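Novice: need a structure here:
(one chain, ligands or ions: 2)
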Amino acid sequence: MDVRQDNKVYPYLFNNEWKESASGETVQIKSPDDGKVAGEVPAMSQEEVDAAVNSAADVQENWEATEGHERSQLLHRWAEELEKMTEEIGEMIHLEVGKTLSSAKGEVKRTAQLIRHTAEEGLRTHGSFIQGDAFPGASKSTKAMVQKVPHGVVLAIAPFNYPVNLAASKIAPALITGNTVVFKPATQGAISGLLMVKALVKAGLPAGVLNVVTGRGSVIGDFVVTHPKIDMITFTGGTGTGQHIAKKASMIPVVLELGGKDPAIVLEDADLEKTANEIISGALSYSGQRCTAIKRVMVVNSVADELVAKLKEKVENLTVGKSSENANITPMIDQKSADFVVSLIEDAKKKGATVVTEGTQEANLLGGTLLDHVTEDMDVAWEEQFGPVIPVIRIDNELEAVNLEKRNEYGLQASIFTQNLENAFAIADKLNVGTVQVNGKTSRGPDHFPFLGVKNSGQGVQGIGRSIDSMLRDKVLVLNL
Ligand SMILES: NC(=O)C1=CN([C@@H]2O[C@H](COP(=O)(O)OP(=O)(O)OC[C@H]3O[C@@H](n4cnc5c(N)ncnc54)[C@H](OP(=O)(O)O)[C@@H]3O)[C@@H](O)[C@H]2O)C=CC1
Ligand SMILES: O=C(O)[C@H](O)COP(=O)(O)O
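Specialist: Ligands and ions are numbered 1, 2, ... in the order given. Predicted coordinates for the structure are as follows:
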């Protein structure tokens with residue numbers, strides 16, 4: 001059996017065989033654009049998930065024993081096969097998660113580049129050698145060789161919004177370092193994930209080195225997270241889910257990339273035209289469904305009117321429609337997410353926010369909404385909207401922004417817009433976030449930069465080099481001469 005493309009069931013990968021669940025049960029995936037069925041994936045049973053983990057565990061030692069350059073070559077071939085499938089996978093990302101076709105294909109190309117970079121970077125990992133005499137009582141005759149070894153079986157759990165890129169950004173570092181992988185794609189995005197894995201099989205994946213588990217996270221999630229043969233978990237998704245996983249998983253490393261409430265802090269001397277462009281693109285690309293989206297704007301009073309006027313014009317110039325129409329703002333992933341965004345807008349309106357421009361609301365398609373004079377008592381000032389809303393909070397000075405940020409439960413990224421770099425650096429020092437962007441929107445790339453969230457935005461660090469580090473542990477061999 002192969003991964004089928006006839007809008008029916010797309011089987012999961014087990015030991016390099018494409019299989020359907022013995023129960024015949026499936027989960028249907030519908031396009032956010034129009035509800036059209038993109039396909040179905042097996043709703044795997046616990047027994048099937050158990051077999052997938054066991055098979056990855058069975059072959060791990062053999063995989064670890066392969067030469068690093070062979071693993072690197074596999075990744076290079078994977079990148080090649082993936083690129084050949086750009087059209088097919090791009091189409092499926094577009095259908096499953098409602099990205100425009102160009103942005104969906106862009107995700108596939110970015111992923112091929114990420115895999116290649118990982119294949120190179122993974123060759124440069126090495127341990128260290130320590131002499132004992134630096135510690136009182138020990139001597140040069142005690143020597144430690146610190147090796148870097150894989151954890152074993154890595155569970156990679158990806159979210160819907162980058163179903164291919166955020167999956168590969170976990171899988172490639174795991175494979176290059178000699179771990180085997182159990183991949184749990186987001187249900188919405190699972191077919192794209194399976195097609196990405198098809199490219200890996202074409203590239204020569206040895207049986208069992210990566211198995212896929214499909215089905216609702218709420219049904220199979222706890223079982224796989226607590227499986228005794230899972231040795232490490234790398235997860236990207238919502239903060240609630242991440243915290244739940246962190247509590248369930250015990251005594252194994254867990255890397256989490258979670259939600260955010262990234263601010264754009266705009267000072268008096270900012271280039272307002274550039275700032276407005278960065279805010280629009282940062283807040284509204286993919287309808288705001290990015291963890292790194294700008295999710296609140298804090299602007300000093302002296303330039304607030306001018307900035308808001310620019311934002312208004314730019315929001316109103318964006319097209320709103322289906323991703324198949326190549327619109328700038330496209331339908332949200334599902335109705336529940338859209339309802340949440342609407343509830344935040346309504347709460348802000350009730351509490352006195354100025355609606356500068358309000359997007360249309362048709363089922364899960366919401367136009368861009370710009371809210372001014374947002375105050376601290378409004379939910380939209382603090383909660384992650386993950387949708388096309390820009391809340392503007394007016395502030396007296398940068399100190400107020402820093403103080404508001406101190407109470408932000410998230411700490412992914414922040415942007416500062418100013419011409420005064422010294423001032424920008426001073427503010428950056430005071431912000432408790434993973435990354436501060438100066439005069440640019442918040443964003444994850446380039447993919448080899450470290451990427452992390454603090455507070456409720458995550459634990460551990462990703463980005464190609466750091467993701468590779470996270471897949472390895474020290475193993476110390478001591479020579480007593
Ligand atoms: N910081 C970052 O890098 C990023 C953060 N995010 C955050 O993710 C959220 C949106 O993504 P979304 O996909 O909806 O996130 P979810 O947290 O709903 O899902 C993420 C993944 O976890 C799975 N899952 C759900 N429940 C469990 C469980 N009990 N055990 C194991 N796995 C489980 C999901 O499966 P299923 O789909 O089957 O439910 C999915 O594969 C936003 O909050 C966003 O900020 C998103 C991207 C990047
Ligand atoms: O999930 C997310 O939102 C991504 O990790 C952000 O990636 P981007 O900044 O490249 O869009």
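Novice: make it CA atoms for all contacts and neighbour counts henceforth
Specialist: Will do.
Novice: what sits against the residue lying closest to Ile245 once chain neighbours are set aside?
Specialist: Of all residues beyond its chain neighbours, the one nearest Ile245 is Val225 (6.9 Å), with distances taken as CA to CA, 6 or more residues apart in numbering. By CA atoms under 8 Å, 6 or more residues apart in numbering, the contact set of Val225 is 155, 233, 245, 248-249.
Novice: what about Val225, distance to Thr330?
Specialist: Distance, Val225 to Thr330, using CA to CA, to the nearest Å: 33 Å.
Novice: Near ligand 1, which residues of the stretch 301-450 of the chain are found?
Specialist: Residues of the stretch 301-450 of the chain found near ligand 1 (CA under 6 Å from any ligand atom): none.
Novice: Can you pull the residues of the stretch 301-450 of the chain lying near ligand 2?
Specialist: Residues of the stretch 301-450 of the chain lying near ligand 2 (CA under 6 Å from any ligand atom): 443-445.
Novice: tell me the domain ranges of the protein?
Specialist: 12-258+459-480, 262-449 (automatic domain parsing).
Novice: Format those domains as CSV; extra columns: mean pLDDT.
Specialist: Supplementary listing: those in CSV, determined by pLDDT from 0 to 100:
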stretch, mean pLDDT
domain 12-258+459-480, 98
domain 262-449, 98
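Novice: circling back: generate a ChimeraX selection restricted to the buried subset of the contacts of Val225.
Specialist: Provided next is the ChimeraX selection string for whichever of these are buried by 16 or more other CA atoms under 10 Å:
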select :155,233,245,249
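Novice: Out of the contacts of Val225, which two sit at the greatest distance?
Specialist: Using CA to CA, the pair of the contacts of Val225 lying farthest apart is Leu155 and Lys248, separated by 13.5 Å.
Novice: For Asp429, grab the count of nearby residues.
Specialist: As a burial measure, Asp429 scores 11 neighbours (other CA atoms under 10 Å).
Novice: what helix or strand is it on?
Specialist: Assessed by DSSP states H and E, Asp429 sits inside helix 421-430.
Novice: So for that helix, what gets flagged as buried?
Specialist: 424, 427-428.
Novice: What parts of the stretch 51-200 of the chain come near ligand 2?
Specialist: So the stretch 51-200 of the chain meets ligand 2 at Asn161 (CA under 6 Å from any ligand atom).
Novice: can you do 8 Å?
Specialist: With the criterion set to CA under 8 Å from any ligand atom, the stretch 51-200 of the chain comes near ligand 2 through 159, 161-162, 166.
Novice: returning to what we had before: just how off-centre is the helix or strand following the helix holding Asp429 within its chain?
Specialist: Counting by DSSP H and E, the next helix or strand C-terminal to helix 421-430 is strand 435-438. Distance, stretch centre to chain centre, for strand 435-438: 18 Å (CA atoms, centre = their mean, to the nearest Å).
Novice: Then stretch 324-343?
Specialist: 19 Å.
Novice: Restricting to C-alpha, output that stretch in PDB.
Specialist: This file holds the C-alpha atoms of stretch 324-343, laid out as PDB (Å, rounded to 0.1, in the frame of the first residue of the first chain):
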ATOM      1  CA  SER A 324      -7.600  29.400  -2.800                       C
ATOM      2  CA  GLU A 325      -8.300  33.000  -3.900                       C
ATOM      3  CA  ASN A 326      -4.800  33.900  -2.600                       C
ATOM      4  CA  ALA A 327      -6.300  36.400  -0.200                       C
ATOM      5  CA  ASN A 328      -4.100  38.100   2.400                       C
ATOM      6  CA  ILE A 329      -6.400  37.100   5.300                       C
ATOM      7  CA  THR A 330      -7.800  33.600   5.000                       C
ATOM      8  CA  PRO A 331     -10.200  31.500   7.100                       C
ATOM      9  CA  MET A 332      -9.000  30.400  10.500                       C
ATOM     10  CA  ILE A 333      -8.200  26.800  11.200                       C
ATOM     11  CA  ASP A 334     -11.700  26.000  12.700                       C
ATOM     12  CA  GLN A 335     -14.800  27.600  14.000                       C
ATOM     13  CA  LYS A 336     -13.800  27.200  17.600                       C
ATOM     14  CA  SER A 337     -10.700  29.300  17.100                       C
ATOM     15  CA  ALA A 338     -12.700  31.900  15.200                       C
ATOM     16  CA  ASP A 339     -15.300  32.100  18.000                       C
ATOM     17  CA  PHE A 340     -12.500  32.700  20.600                       C
ATOM     18  CA  VAL A 341     -11.100  35.600  18.600                       C
ATOM     19  CA  VAL A 342     -14.600  37.100  18.200                       C
ATOM     20  CA  SER A 343     -15.100  36.700  22.000                       C
END
